[in-house]
Every structure is written in structure tokens, then in C-alpha cells.
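> quick one, structure for this:
(chains A and B)
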Amino acid sequence: MINIPKGTKDVLPYESYKWHYVENIIRDLTKNFGFSEIRTPTFEHTELFLRGVGETTDIVNKEMYTFEDKGKRSITLKPEGTAGVARSYVENGLSEAPQPMKMYYITPVFRYERPQAGRLREHHQFGVELYGSDSPYADVEVISVAKSLFDKVGITELELNINSIGCPVCRAEYNKALKSYLKDHIDGMCPTCKERLDKNPLRILDCKEEKCKAVNAKAPRVIDYLCDDCKAHHETVKNILDSLGIKYTVNPNIVRGLDYYTKTVFEFVSTSIGAQGTVCGGGRYNNLVKEVGGKPTPAVGFGMGIERLLMVLESLNLSVGEVEVPTVYVAPLSQDLIMDAYKIVADLRKEGVSAETDIIGRSLKAQMKYAGKRGYKFVVVIGDEEIKNGVVKIKDMSQGTEDPVQLINLAKEIARK
RNA sequence: GUGGGUAUAGUUCAGGUGGCUAGAAUGCCAGAUUGUGGCUCUGGAGGUCGUGGGUUCAAGUCCCACUACUCACCCCA
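Down below sits the predicted model:
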């Protein structure tokens, strides 16, 4: 037997309705906020991610699905959604379309990692991108989309953490201060943090080792080093969130793992789905568009893991939508009547009523069982009598009651119920 | 890349110190005096016990290796 590649998942026929449920909510909600869908390729030139995501990140260093195609081009399966959108924005001259440009996507993303609960090699992200505004209102606009989605599906337990990591100017200042602090304490820290000291000292703040946490607690904080502009931006974001009644925690230790972030960073974290609790992560990335070859354009957005979102819904026993089954099952009493049943089903379908009939030649009893198990609302049994008289009974499966109706009015009657 | 755990029907799992013709529940299919599901009862199909070696008269059970899955670190959605 050939089995599924490590870290991937099938969405089976009896569970795909859950995906439709969240996707439908996403499409309604983004429309409500004025975002339009953008679809970019599943793979891009590797170069895009090197420049866009950043060469020092783990994603680029060790997690990309990169291969050479038959034309000797280096191709990479998208490890995140933002870089492709930035590329498309530049390549298609979207900066000349009415601004701001508000986009969203639902896409698979690929990272070569060791799978565990809530972490896959292929997962799906819903992402939102807002280009062309440096206003704190844009940050909040994006956060609001995520927040509204969680509200809509009934999730109240997610905690919103926000932080500001400043712009290149103030971050340079901060990095200096942080490094000099850490140098004095590095001996007591874990090996990975020692390594990070030179490469990416910001990440040290995110370490979960107890001894490192203790050091980090007293480390200089980014927000104390923000320049006036970044500081004002951060304060305004908080003020707007406050006035909208969106609760948050300022967490000086959140640092996103992608190089392109500036100013605002945020994440929505769950405690109910295991160690991989970040359901949604995002922030502002004012340097990205320039980085991939466009003119400097402020941008803000987030990525949300759909698998993780579903995990949260199920762990909290919240609705994940309803099984998708046609409305009516038409049951021929015997094999002689299959043709009649099939015609009735065809008519119902033409009238826009979803319907199904027996195509494997089962007994009436077996058909009833099938209809009951799959959750049909109505069953119509077709026998010689019914055909002769042109009158059938609509059985309501949840009530167990039967109502007679003229065969020619069947579709109308069902639509009415 | 580094640790820990687990591998027996479609699924969830039983099978102390080696002796089975490998079980249960659930699901699937069929039936319970031939026109009706959910409850109940009966029957049936379905496993080379992850793979390969080894010990033994005898291995699902003990030993070794491999593989897969899984959880955690790392990192992230």
C-alpha cells in the first residue's frame, strides 16, 4: 500500500463540510470588511522567499520544499502566503489601482518540519493583506478581521497578544542595548540562545527555558526603545483597540519569526490545542514590498492556520457546521421502479431540490437505514400505487410523519417545508 | 536536527510470567413470516498480529534491527 506523505492530511468526505463551514464564514466576513480574494501560485521562484521571508529565518534555512524544475529553475513550494502576494502586487502594478489594496487568500502552505499536534508539512492558511496604508487604523482593521472571525464562530478563549518591534531605525538602537545586556548574562542561558546571540538576538526573548525566561524578564524591552513615530503608532493602535472593546495583552516577548515585520506584531493564542497554540499571527511589514522590488509601500496582514482553527472549535465543542446531505431520498420499492424513481429525482434536481435515489439495488428497508444514517430530512417511497395515482407520501425522518402530496407538486411541497 | 511513547479487524482496543483454530465493542453487509430508518435480536464479510532477522519443540507474546505513526523540544499557522 502506498500511504500518505508524512505531515499531510486527507480531508475525508464525511468531514469536508467543516472546511466549507469556515471557508464560507471567511468569504462572508472578508466581503463585509471590503477585502477581495487574491490567488497566487502554489510555487514561486526560490529567490522570492529568500528576499521576502529573509535568509536568517528557520523557514528559509531549513524548512522549504525547494527543487529544480526541468528548465533548471529553482522553485519553492510556498512556505507562507505573504511573499507571493507582495510579488503579485508589484508585478501587476497594483499600486496604481485604487488604494488601499485589501486582499485575502486561502492557500496551502508547505514547510518541511517534524509533524506534531497542530503542526503539519502541508497546512492551510487564511490570510489577509492590507497594502498602502501606514495608519494604525490599518493595523486594527486587520486585527478586527481575525477577531470578528473568532467571534462569529464562538471562540472567546483566544488571547490577543500585541507588541511593537519598531522600525529599522529604532530596532538598531534596541538591538545594541539588548545585546550588551545579554552578553552579561549569556553564561546562564541555554545553548540555542547562546547561538542566537549573534544571529538573531530578538528571538532569545521568545525562549521558553526557565533560566532564559528569568534573564529575559529583566532584559531591555523593545517598546522602551521605540522612536517617536513607532511609539505613537503603537499607542494609537492600543487606543483604537480599546475604543472597539477588543481586549489584548501587550507582550514584549512576542517576536515573529519572519524578517519582514516592522512596528506592530500580534498573535492570537489558544491554550486548548496542545503546544502549538498560535492560531493566528501577523503584523506590519513596511519593508516587504520594497524588498521584492516594488516602491516602498506600507503593508499589514496576518496568517491564520485553518487546521488549528478547526482544532480549537472541536476542542471547545463549538459548531463546525452541518453535514451536507441532499434534502430528499427517493426510495423505489422494488427494482422494477428504479426508472420511475430516477425520473422523479431528475425532476426534483431540475427544480433545485437536492435529491438522491438508490443506485446499488437495495431493499426498501436497507434504503431507509441508509437515509436515516446519512441524515436525510425527507424520504419518498415509490411503489406501484404511487405511480398509478400520481400521489406520494413525504416522510419527515425526524418526526416519523407522512404527508400525501400530488407527485407534480412534490418539488414545491418540499421547498415549502 | 534532538528526545519520549505506540504499532493486533475500516475504527477504538483486549490478549499477566511464550501453547489460539487471535477476540470484544463499534462500523459495514444481510436477515427477523416479503411497503418504511433510529431501539432490540440473529447471521456474514473483514487480520500473513508494522517489516526483517534471532532464541525456542512452540512467538501476537522474549531479544535485535528497521520502518511508520504519535507527542514534545526547536520553530511556527
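> which SSE is residue A:395 in?
strand A:391-396 (DSSP states H and E).
> mind giving me the packing neighbours of the helix or strand just after that strand?
Once the chain leaves strand A:391-396, the next helix or strand it forms, by DSSP H and E, is strand A:401-406. Strand A:401-406 sits against strand A:391-396, with contacts defined as 3 or more C-beta pairs under 8 Å, 6 or more residues apart in numbering; DSSP states H and E. For the C-beta atoms, the positions are set from N, CA and C on the backbone; glycine is no exception.
> average pLDDT for the strand it packs on, rounded please.
Taken as a whole, strand A:391-396 has a mean pLDDT of 95.
> and stretch A:248-263, by the same measure?
Here the average pLDDT along stretch A:248-263 is 84.
> and that stretch, how far apart are its ends?
With C-alpha to C-alpha, to the nearest Å as the measure, the ends of stretch A:248-263 fall 16 Å from one another.
> gap between it and the chain center?
19 Å (C-alpha atoms, centre = their mean, to the nearest Å).
> before we move on, the earlier item: helices or strands up against the strand holding residue A:395?
The helices and strands touching strand A:391-396, judged by 3+ C-beta pairs under 8 Å, 6+ apart, are strand A:378-382, strand A:401-406, helix A:410-416.
> looking at those, which is buried most?
The highest mean neighbour count among the helices and strands packed on strand A:391-396, using mean count of other C-beta atoms under 10 Å, belongs to strand A:378-382: a mean of 23.
> pull the residues that contact that strand.
With contact meaning C-beta atoms under 8 Å, 6 or more residues apart in numbering, strand A:378-382 is reached by A:327-333, A:337, A:340-341, A:344, A:364, A:368, A:371, A:392-397, A:410, A:414, A:417.
> for residue A:240, helix, strand, or coil?
The local conformation at residue A:240, judged by DSSP: H, G, I helix; E, B strand; the rest coil, is helix.
> how about the closest residue to it other than its chain neighbours, what does it touch?
If the residues on either side of it in the chain are set aside, residue A:240 comes closest to residue A:140, at 4.5 Å by C-beta to C-beta, 6 or more residues apart in numbering. By C-beta under 8 Å, 6+ apart, the residues touching residue A:140 are A:237, A:240, A:241, A:244, A:246.
> using the three-state scheme, assign residue A:140.
Quick answer, by three-state DSSP: residue A:140 is helix.
> distance check, it against RNA strand B.
18 Å (C-beta to the nearest atom of the strand, to the nearest Å).
> same thing with residue A:282?
As judged by C-beta to the nearest atom of the strand, residue A:282 and RNA strand B stand 8 Å apart.
> distance of that residue relative to residue A:50?
Plainly put, residue A:282 is 21 Å away from residue A:50 if you go by C-beta to C-beta, to the nearest Å.
> out of those two, which sits in the more crowded spot?
residue A:282 (27 against 17; other C-beta atoms under 10 Å).
> parallel or antiparallel, list what pairs with the helix or strand in which the more buried one is found.
Following DSSP H and E, one finds residue A:282 within strand A:278-284. Paired with strand A:278-284 in the same sheet, following DSSP bridges, are strand A:262-269 (antiparallel), strand A:299-305 (antiparallel).
> any idea which of those strands gets closest to residue A:355?
strand A:299-305 (36.5 Å; C-beta to C-beta).
> circling back to that earlier point, name the residues of the helix or strand just after the strand holding residue A:282 that are buried.
Sequence order places helix A:288-291 as the next helix or strand after strand A:278-284, per DSSP H and E. Under the neighbour-count criterion of 16 or more other C-beta atoms under 10 Å, helix A:288-291 has A:288, A:289, A:291 buried.
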